[in-house]
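Student: here are the coordinates; sequence isn't available:
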């Protein structure tokens with residue numbers, strides 16, 4: 001386990017259990033007492049008093065402790081697959097079961113997707129029970145709006161999925177003629193999509209990472225060539241590791257490849273600094289192998305490199321770049337440099353291998369110059385504070 005996972009288990013699971021045992025003055029392990037702790041934790045979660053992370057950690061740790069008590073070993077596996085919250089009324093339980101069976105019979109979605117949908121509906125039914133809606137016929141548009149507000153506060157990132165499941169559930173009720181009020185108008189408006197400002201690696205950050213690579217070593221030569229391609233050409237990590245020896249045309253100074261994401265063919269210029277890095281690796285660092293790909297593993301069996309995530313983290317962890325940056329941040333850096341330099345959007349789209357101009361929107365959000373052009377001045381706005389004059 002990573003250190004973060006161990007801290008998570010300790011803080012969210014072990015500490016709460018220790019507190020419960022201390023307050024109850026219990027000195028020995030008791031499985032039934034653990035079940036009472038879980039029940040109380042789930043009740044608190046249903047009332048919105050604790051986070052789902054805390055509730056799930058309590059359940060996970062209970063399972064781990066049971067296994068340790070019986071076998072003396074900690075066995076990590078997928079656990080706690082039961083419902084997060086329990087439905088008390090048979091009315092809602094029966095409807096949920098009918099919905100699940102109807103979805104399985106349609107065969108349009110995977111079983112895993114249907115499980116997620118039923119979990120979301122279970123949250124919805126428990127909220128209805130706790131707020132006096134004993135049947136669906138009693139709920140109104142105001143009640144649906146109140147629930148969506150309640151859910152968005154607890155799980156903002158999942159509100160879109162919950163709204164979609166409720167639309168599907170409403171269609172199910174109509175199809176099977178289950179008595180209910182028409183609450184579809186409350187589900188018409190879509191939620192506001194989240195817009196994240198992704199981290200970017202510009203020239204200074206990229207040079208800092210590259211300076212940490214030991215290019216006298218064969219693996220260092222490989223890592224240097226990979227990151228040099230990412231820094232200067234903005235290729236995706238998957239496209240870099242899929243490059244073959246015959247994709248590089250040393251006579252025309254071009255790299256020609258088919259993008260894995262879009263399936264479109266792309267040709268990029270092979271700049272001298274990138275070409276020298278690739279050539280140095282092929283001639284002085286690459287293991288002797290019949291593999292057709294340029295970048296390979298340096299352990300037996302020698303074959304195409306699996307991913308670049310570990311390569312990036314190996315150097316980024318000791319560099320001065322932003323904490324949340326990843327390999328794709330190089331690509332954003334290339335796009336940002338071109339946009340800030342006045343390169344036309346169509347040209348940037350072609351270089352990045354994008355099929356639609358709308359795909360450039362995330363890169364516009366990281367362009368300082370483009371963002372400044374959108375800012376409004378204070379002309380025509382009267383102010384009384386000297387700081388604004």
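Tutor: Thanks, I have the structure now. As the structure is a prediction and not an experimental result, all values here were calculated from the model.
Student: which intervals of the stretch 251-389 of the chain have sub-threshold pLDDT?
Tutor: Under the criterion pLDDT under 70, the flagged ranges of the stretch 251-389 of the chain are 322-323, 364-374, 381-389.
Student: can you give me the helices for the stretch 251-389 of the chain?
Tutor: Residue ranges of the helices in the stretch 251-389 of the chain, as given by DSSP state H, counting those that start in this stretch, are 272-284, 309-316, 328-340, 345-352, 361-364, 368-372.
Student: I'd like to know which of these lies nearest to residue 252.
Tutor: Closest to residue 252 of those, according to CB to CB: helix 272-284, at 11.4 Å. Yep, even glycine has a C-beta here, placed from its N, CA and C like the rest.
Student: Buried ones in the closest one, by neighbour count?
Tutor: For helix 272-284, the neighbour count (16 or more other CB atoms under 10 Å) marks 274-275, 277-278, 280-282 as buried.
Student: Now render the residues you listed as TSV, adding distance to residue 210.
Tutor: As requested, the buried residues of helix 272-284 are exported to TSV (distance: CB to CB, whole Å):
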residue	distance to residue 210
274	12
275	16
277	9
278	14
280	13
281	14
282	19
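Student: ok, so of the residues you listed, who is nearest residue 166?
Tutor: residue 274 (51.1 Å).
Student: if we can go back for a sec, pick the most deeply packed of the helices of the stretch 251-389 of the chain.
Tutor: Comparing the helices of the stretch 251-389 of the chain by mean neighbour count (mean count of other CB atoms under 10 Å), helix 328-340 comes out on top with a mean of 21.
Student: Going by contacts, tell me the helices and strands next to it.
Tutor: The contact analysis (3 or more CB pairs under 8 Å, 6 or more residues apart in numbering; DSSP states H and E) places helix 328-340 against helix 203-210, helix 218-233, helix 345-352, helix 361-364, helix 368-372.
Student: let's see it at 7 Å
Tutor: When contacts are defined as 3 or more CB pairs under 7 Å, 6 or more residues apart in numbering; DSSP states H and E, helix 328-340 packs onto helix 218-233, helix 345-352, helix 361-364, helix 368-372.
Student: Using TSV, lay out the ones you listed together with distance to residue 208.
Tutor: Listed next are the helices and strands packed on helix 328-340 as TSV, based on distance: least, CB to CB, whole Å:
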stretch	distance to residue 208
helix 218-233	11
helix 345-352	24
helix 361-364	22
helix 368-372	20
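Student: circling back to that earlier point, of all the helices of the stretch 251-389 of the chain, which one comes closest to residue 56?
Tutor: helix 309-316 (26.1 Å).
Student: what angle do the closest one and helix 203-210 make?
Tutor: Here the directions of helix 309-316 and helix 203-210 differ by 100 degrees (axes from the mean of the first three to the mean of the last three CA atoms, to 10 degrees).
Student: how much space between residue 120 and residue 163?
Tutor: Noted for residue 120: a distance of 10 Å to residue 163, by CB to CB, to the nearest Å.
Student: who's more crowded, these two?
Tutor: When residue 120 and residue 163 are compared for neighbours, residue 163 comes out ahead with 21 against 18, by other CB atoms under 10 Å.
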